[in-house]
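[1] What would the 3D arrangement of this be:
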Amino acid sequence: MGCRHGSLPSLDRHVRRGVLAGKKAEKRRDALTSFLSQNLERMEHSMKRITGIAAALMIGLTAFAGTSRAETKDVVVAEPMHSLGYLPLYVAIRKGYFKDEGINATILTVEGGGAHTNAVLTKQAFAFIGGPEHDAFAKAKGAELRAVVNVVNRGNVYFVARAGLKPPTDGNIKDFLKGKNIATGAFGGTPNSITRYVLDKVGLDFKKDVTVQEIAATAGTLAALKTKQADIGVVTEPMLTAGIRAGLWGEPFYNVPKELGPYAYSTLNVRKESIDKDPELVRGFVKAVARGLKFTNDHHDEAAEIAHLEFPTMPLEDVKATLDRSFADNIWSEDGSITPASWTTAKSVVMDAGILKQDVPYSDVIDTSIFESVKPSL
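    Numbering: from 1, shown residues only. Alright, predicted model coming up:
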């Protein structure tokens, strides 16, 4: 009994201590609960803000992507033949330079005379690649076309003789050409105009002194020499190198690029209304082509690889041989500019050949404003 009574004060102290400890624990628990509650609210608020920002960014990116797709414009470029001379244009497409300007460019090959010009006049194509004299022909009929960027700045045409004939080596081609059967391009095309021009310059009559076959399809010229239905071929690359490799003819006996010098042979041409109504589209188009020119001139090996993609049936070594000749003859414009002198040569060819009947000033067929506006950014 005495022992049990003696332990009561100690038990009471323990109880009181336990009560106090419990109250302190409750306070700590309440404080912890309050802290967690407050911070959870803050965390929830932060997460909502983060989620909201992320959602806004996604909406913005989606809208931007949608806008970019909506602003991409499709353009068709008509060409009179698929030619290695037009390589800088193909390079610009394959390297994505048009895409960089929001343009989806595709090629339409329409062989035969002025079919490529007509494709632009009838709005089947945005632009055509060909001589600016076609703009002059159109102007004579009341249409307004303009060359806006240069590509081929030399007369990319070569005179070859079929195997078995021996052309002169002294440059005197008059006697050699007289009486010969010559296969050239269709009337209205630049190879045809150059054929007439060269014959006139050496003193031969196009109708009386030679027999001329005006062939629309490029393969037709090759076939004519192969079967000896023609003696002379007026050809462009890659047909030139292909014929040499096949033994159908030898090296050219008349090199137009070297003989005639700077020549606005193949420019990119658009309707004047395109320049007036959508200058930004034309500006992007011109910039892409100019970049294609620069890449082609600066990266010969990579340009050859792209050329091989365009002409997969042509052996790579033939492609490289063709390009070596083109670079040696300075076929391509360095930057895309169209000089007055290059138009003077082009105009002289078609006027002397009797195809263009009246003089057409530089400014009536060539618009330099777009090129000059993009030149600083190239």
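[2] Who is residue 271 paired with across the strands?
    Assessed by DSSP bridges, residue 271 has beta-bridge partners residue 145.
[3] before we move on, what about residue 79?
    Going by DSSP bridges, residue 79 forms beta bridges with residue 109.
[4] What are the neighbouring residues in contact with it?
    86, 89, 107, 108, 109, 110, 116, 128, 129, 130 (Cβ atoms under 8 Å, 6 or more residues apart in numbering). From N, CA and C alone the C-beta is placed, and that goes for glycine too.
[5] Touching, the last one and residue 267? I think so.
    Yes - in this structure, residue 130 is within contact of residue 267 by Cβ atoms under 8 Å, at 7.5 Å.
[6] And those two? Which one has more around it.
    Between residue 130 and residue 267, counted using other Cβ atoms under 10 Å, residue 267 has the larger neighbour count: 31 against 28.
[7] Tell me the helix or strand right after the one helix or strand residue 176 maps to.
    Element membership of residue 176, judged by DSSP states H and E, is helix 174-177. Moving toward the C-terminus from helix 174-177, the next helix or strand (DSSP H and E) is strand 181-185.
[8] and that next one, what does it pack onto?
    helix 190-201, strand 211-215, helix 218-226, strand 232-235 (3 or more Cβ pairs under 8 Å, 6 or more residues apart in numbering; DSSP states H and E).
[9] who does that strand pair up with?
    When DSSP bridges is applied, strand 181-185 pairs with strand 211-215 (parallel), strand 232-235 (parallel).
[10] List the buried residues of the longest one.
    Meaning strand 211-215. Of all the residues in strand 211-215, those buried under the rule 16 or more other Cβ atoms under 10 Å are 212, 214, 215.
[11] hang on, the earlier thing: which residues make contact with the helix holding residue 176 from outside it?
    The contact list for helix 174-177 (Cβ under 8 Å, 6+ apart) reads 161, 167, 168, 199, 202, 203, 204, 209, 210, 232, 253.
[12] try it again with 7 Å
    Here helix 174-177 makes contact (Cβ atoms under 7 Å, 6 or more residues apart in numbering) with 167, 168, 199, 202, 203, 204, 210, 232.
[13] repeat for stretch 320-338
    So stretch 320-338 is contacted by 84-85, 88, 147, 149-154, 156, 237-238, 241, 255, 257-258, 264, 267, 286, 289-290, 293, 296-297, 300, 303-304, 307, 366, 368, 371, 378 (Cβ under 7 Å, 6+ apart).
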